[in-house]
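Chemist: build the 3D model from these lines:
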Amino acid sequence: MIVCTTVNDDYRVEVFSKATKLILMDTNRKIIHVEDNPALLSTSKRPTVANRCVELGADVVIAAHGSVCYPSYRILKQHNVRIYVTEPGSDLSSVNVTPINQWEVLYSSIVAVLERLSGH
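Modeler: Here you go, the predicted structure:
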């Protein structure tokens, strides 16, 4: 099982649109791939991360609260990727996750629109 998530420079889980790195981990939470977050160079930040996780063969995505807008959700679901949510700043070694729900997708979609309107 391959897990995809986005992290900051301290390797703490971060929102898709703000993280500096995209990483893959194995089932033992060992990091097996690190790259610069492609969302930082894209106008459609969250879907860019979702697409990259799919391209890299992720089975699971761990997303910081506010990361998975509706387009990202659709991309991941179309590829049968399981999605879990955690709080931004969570430590990878002890991350506590919950399955995504419709309210998280709605909240993330609103946050994404507000980020776009503010130019971030």
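
Chemist: the strands in this protein, which residues?
Modeler: Along the chain, counting by DSSP state E, strands occupy 3-7, 21-25, 31-36, 60-64, 82-86, 98-99.

Chemist: tell me what the fourth one is packed against?
Modeler: When you say that, I think you mean strand 60-64. Contacts defined by 3 or more CB pairs under 8 Å, 6 or more residues apart in numbering; DSSP states H and E place strand 60-64 against strand 3-7, strand 82-86. C-beta here means a position set from N, CA and C on the backbone, and glycine is covered the same way.

Chemist: next: the first one.
Modeler: Using 3+ CB pairs under 8 Å, 6+ apart as the contact criterion, the elements in contact with strand 3-7 are strand 21-25, helix 45-55, strand 60-64.

Chemist: so what's Phe16 up against?
Modeler: Phe16 makes contact with 6, 37, 39, 45-46, 49-50, 63-64, 67-68, 72, according to CB atoms under 8 Å, 6 or more residues apart in numbering.

Chemist: and with 6 Å instead?
Modeler: 6, 39, 46, 49, 67 (CB atoms under 6 Å, 6 or more residues apart in numbering).

Chemist: hmm, back to that, same list (the helices and strands packed on strand 60-64) but as JSON lines, adding distance to Val95 and mean neighbour count.
Modeler: Output for the helices and strands packed on strand 60-64, formatted as JSON lines (distance: least, CB to CB, whole Å; neighbours: other CB atoms under 10 Å):
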{"stretch": "strand 3-7", "distance to Val95": "8", "mean neighbour count": "25"}
{"stretch": "strand 82-86", "distance to Val95": "5", "mean neighbour count": "19"}
